[in-house]
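Student: I'd like to go over a predicted model; first the sequence, then the structure.
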Amino acid sequence: MYKYSDFDASFVAERNAQFRQQVARRISGALTEDEFKPLRLMNGLYLQLHAYMLRVAVPYGTLNSRQMNKLADIADQYDKGYGHFTTRQNIQFNWPKLSDVPDILDDLATVQMHAIQTSGNCIRNVTADHFAGAAADEVADPRPVAELIRQWSTDHPEFQFMPRKFKIAITGSANDRAVIKAHDIGLRIIEQNGEEGFEVLVGGGLGRTPMIGKVLRSFLPKADLLPYLEATVSAWNQIGRRDNKYKARIKITVHELGIEAIRDRIEKRFAEVRPTFSGVDQDMLIDIEQAFAAPAFASRPVEAYETAYRRDPVFRSWADTNLSPHQAEGHSIVTISLKAHGQTPGDATSEQMRVMASLAERFGYDELRVSHEQNVILPHVHMADLPQIHSELKQAGLATANIGLISDIIACPGMDYCALATARSIPVAQQIATRFDELNLEHEIGELKIKISGCINACGHHHVGHIGILGLDRAGVENYQITLGGDASETAAIGERAGPGFAYDEIVPAVERLIYTYLELRKDHDETFLQVYRRLGNVPFKAALYPEVKAHAA
Amino acid sequence: MSRPFTPKVVTANALLEGNVVYLTAEDSWTGQMCMAELLTDEAHAQLRLLDAEQRSNEVDGVYLAEVKDGPNGPEPTHFREDFRRRGPSNYAHGKQEVQVHV
């Protein structure tokens, strides 16, 4: 794993010391709310509905056991004994006291973590494929490049006053697990004629105006990455709309100007910027790459796994849904579900964090990942250890076998916490998960991604859910709109709105009608919800959602 | 013609803990909406809002929240204010926790 250089450590320490003073001045009354707000946001501190919320970055989703244990300690010491993993590889603490936040930040710094650039109009925490460095389908580990981008973007002098926030995601696989097409810039590591480089996408994003990213460069040589990113952000920083925050993101600039025009501007700026990069960034990248070298994977028999798989149906069910192919023989990637039926998606108690840290330390080469899908991953596990891991996860309430299934729901905090929300999301997720667990239909339904946002800003990625749910305030009542056919993968698509919204107590039955329709229409067990939707379109699903309209038409 | 004024309370988040508070007629902050001063006169409400905004070393994010007069004092008219008054629905945290202990 990457270790902070002296520069990184002193930078974070200095920022924390500054913030400690800023908090003291706010508490003493020397700073007004308006003066303090931008300062706290620069350090990831929000004021939410019921309390402050501290958003801590998990850069490119990578943690070691020490870091996970520290998050658990913070949850116990300063919060209510849990943390919430978000849809952008961050963890949020929902109940910190303002006066404790400087201490929390100092505690985080002891394990090389921080909350810098998790808020505000800056280049945000760079996210990466949560299977990075482990996935069997990977061209290269994207995390060294993500770390390079983090270093380049942190406190970048040119990007201190941008029109709006800017989000970058990177993957090293053709199978996109990092939703790169819904980011301001999406990067995919590719190989062309034996040379490593990037496919660069621009102008993707969700929110009020969802857009799928467009190809800016089909192949960018590896060494050109930082100057090209700098040219892109720079070009947008010049012309991005500052008059209207809803039109400020680069997706709108790309949409309004057209991809060719924005590309011309970026290439022109790139010609100016490129010569200013001496190559020192590439030297740094070589060092960073060494820090991310794969562990020495053990080679030993996997019989223990095979025996457990044969004998224990609970283990088998979990193995079938929660394991993914690893690049090293005899190894597997374990996704630990933070979606126990009826629980809050993405929440982990301090005790659960410690269990996961301990498993990583003993069985996982001391590595953990957090995913934008709000689960935690043990990226490198020898298959012989899986029965033991499963048994310990089970005791901690962490062995839910539902990855990729209907109850593996992404949900933003919604109006239970968020000051921006227009409706609740968490209880809707809880009820859907509980309902399909009761029906015992989850495994029969197979792959299905439900994503729920509690407002138009779409932190819950509802536009790219196979079934998306958007909570709105309609005349003072919670109302839920359904979108269908969204896709967050390499075949990304924005879901189509199905029609009028549903009341809070109507939304779960509406989802149920969609599922029964799918089960009736699929050709066989292997045809997924999304495939059926693509084959037949929205007509049968709309008929299921709005039977009274159909009856009226007939 | 402007719309008739509907009842309000002054609400904010406490500076140190961020918890939801309401302004009472005695100029103190309370965690319970029903204890808040019910503001039925627009000019008076604006004055109370200004008063509260001056107290920025005690609270953040002061505003007038829509309420109705209930048997025990002000009650929310919108679900957002109802959630602010109560706390999150997934755990008995925040104000719900306090009520358990009291």
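Tutor: Perfect, thanks for sending it.
Student: Might you enumerate the residues of chain B proximal to chain A?
Tutor: Selection of chain B residues close to chain A by C-beta under 8 Å from any C-beta of the partner chain yields B:13, B:15-20, B:56-57, B:60-61, B:77-80, B:83-84, B:87-91, B:93-95. Backbone N, C-alpha and C define where each C-beta goes, glycine included.
Student: Looking at these, which are in strands?
Tutor: With strands defined by DSSP state E, the entries of these inside them are B:13, B:20, B:60-61.
Student: Could you dump those into TSV with pLDDT added?
Tutor: Listed next are these as TSV, based on pLDDT from 0 to 100:
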residue	pLDDT
B:Asn13	98
B:Val20	98
B:Asp60	95
B:Gly61	95
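Student: Residues in contact with stretch A:270-290: which ones?
Tutor: By C-beta atoms under 8 Å, 6 or more residues apart in numbering or on different chains, the surrounding residues in contact with stretch A:270-290 are A:2, A:144-145, A:147-148, A:151-152, A:222-224, A:226-228, A:230-231, A:234.
Student: Select from those every entry located in helices.
Tutor: A:144-145, A:147-148, A:151-152, A:226-228, A:230-231, A:234 (DSSP state H).
Student: ok and the residue in chain A nearest chain B?
Tutor: Among all residues of chain A, A:Gly29 sits closest to chain B, at 3.5 Å; criterion: C-beta to the nearest C-beta.
Student: isn't that residue right up against B:Ser56?
Tutor: Yes - A:Gly29 is in contact with B:Ser56 according to C-beta atoms under 8 Å; the separation is 7.2 Å.
Student: one step back: can you say which of the contacts of stretch A:270-290 are buried?
Tutor: Burial by neighbour count, 16 or more other C-beta atoms under 10 Å in any protein chain shown: within those this picks out A:2, A:144-145, A:147-148, A:151-152, A:223-224, A:226-228, A:230-231, A:234.
Student: By pLDDT, give me the weakest of the residues you listed.
Tutor: Note: of these, the lowest pLDDT belongs to A:Tyr2, at 86.
Student: Skipping its backbone neighbours, what lies nearest it in space?
Tutor: Of all residues not flanking A:Tyr2 in the chain, A:Ala291 sits nearest, at 4.5 Å (C-beta to C-beta, 6 or more residues apart in numbering or on different chains).
Student: List phi and psi for the one residue in chain B that gets nearest to chain A.
Tutor: Per C-beta to the nearest C-beta, B:Asn57 is where chain B lies closest to chain A, at 3.5 Å. Reported as degrees, to the nearest 10, the phi and psi values for B:Asn57 are phi -90, psi 0.
Student: and A:Tyr480, what element?
Tutor: Of the helices and strands defined by DSSP states H and E, A:Tyr480 is found in strand A:477-484.
Student: now check that strand, is it near chain B?
Tutor: Yes - with C-beta under 8 Å from any C-beta as the measure, strand A:477-484 is seen reaching chain B through A:477-478.
Student: what's the residue nearest to A:Ala109 when sequence neighbours are not counted in contact with, if anything?
Tutor: For A:Ala109, ignoring the flanking residues on the chain, the nearest one in space by C-beta to C-beta, 6+ apart is A:Val12 at 5.1 Å. Shown here is A:Val12, whose contacts under the criterion C-beta under 8 Å, 6+ apart are A:4, A:109, A:112, A:114, A:116.
Student: Now render the ones in helices among the contacts of stretch A:270-290 as a markdown table, adding distance to A:Glu351.
Tutor: Putting these into a markdown table (distance: C-beta to C-beta, whole Å) gives the following:
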| residue | distance to A:Glu351 |
| --- | --- |
| A:Pro144 | 33 |
| A:Val145 | 35 |
| A:Glu147 | 30 |
| A:Leu148 | 36 |
| A:Gln151 | 34 |
| A:Trp152 | 38 |
| A:Leu226 | 41 |
| A:Pro227 | 46 |
| A:Tyr228 | 45 |
| A:Glu230 | 44 |
| A:Ala231 | 47 |
| A:Ser234 | 47 |
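Student: Around B:Val20, count how many other residues there are.
Tutor: For B:Val20, the tally of surrounding residues (other C-beta atoms under 10 Å in any protein chain shown) stands at 26.
Student: quick one on the thing from earlier: relative to A:Gln327, which of the contacts of A:Val12 is nearest.
Tutor: Comparing those against A:Gln327 with C-beta to C-beta picks out A:Gln112 as the nearest, at 26.0 Å.
Student: My read is that the closest one contacts A:Gln67, right?
Tutor: Yes - the criterion here is C-beta under 8 Å, and A:Gln112 meets it with A:Gln67 at 7.4 Å.
Student: Looking at the two, which is more packed in?
Tutor: It is A:Gln67, of A:Gln112 and A:Gln67, that has more neighbours when counted by other C-beta under 10 Å, with 23 against 18.
Student: pLDDT score assigned to the residue nearest the centre of chain A?
Tutor: Using C-alpha atoms, centre = their mean, the residue of chain A that lies closest to the mean C-alpha position is A:His372, 2.1 Å off. A:His372 carries a pLDDT value of 97.
Student: Count the residues that sit near the closest residue to it other than its chain neighbours.
Tutor: For A:His372, ignoring the flanking residues on the chain, the nearest one in space by C-beta to C-beta, 6+ apart is A:Thr87 at 5.0 Å. A count of nearby residues for A:Thr87, using other C-beta under 10 Å, gives 23.
Student: so how far is A:Ala51 from A:Thr87?
Tutor: Applying C-beta to C-beta, to the nearest Å, the value for A:Thr87 to A:Ala51 is 20 Å.
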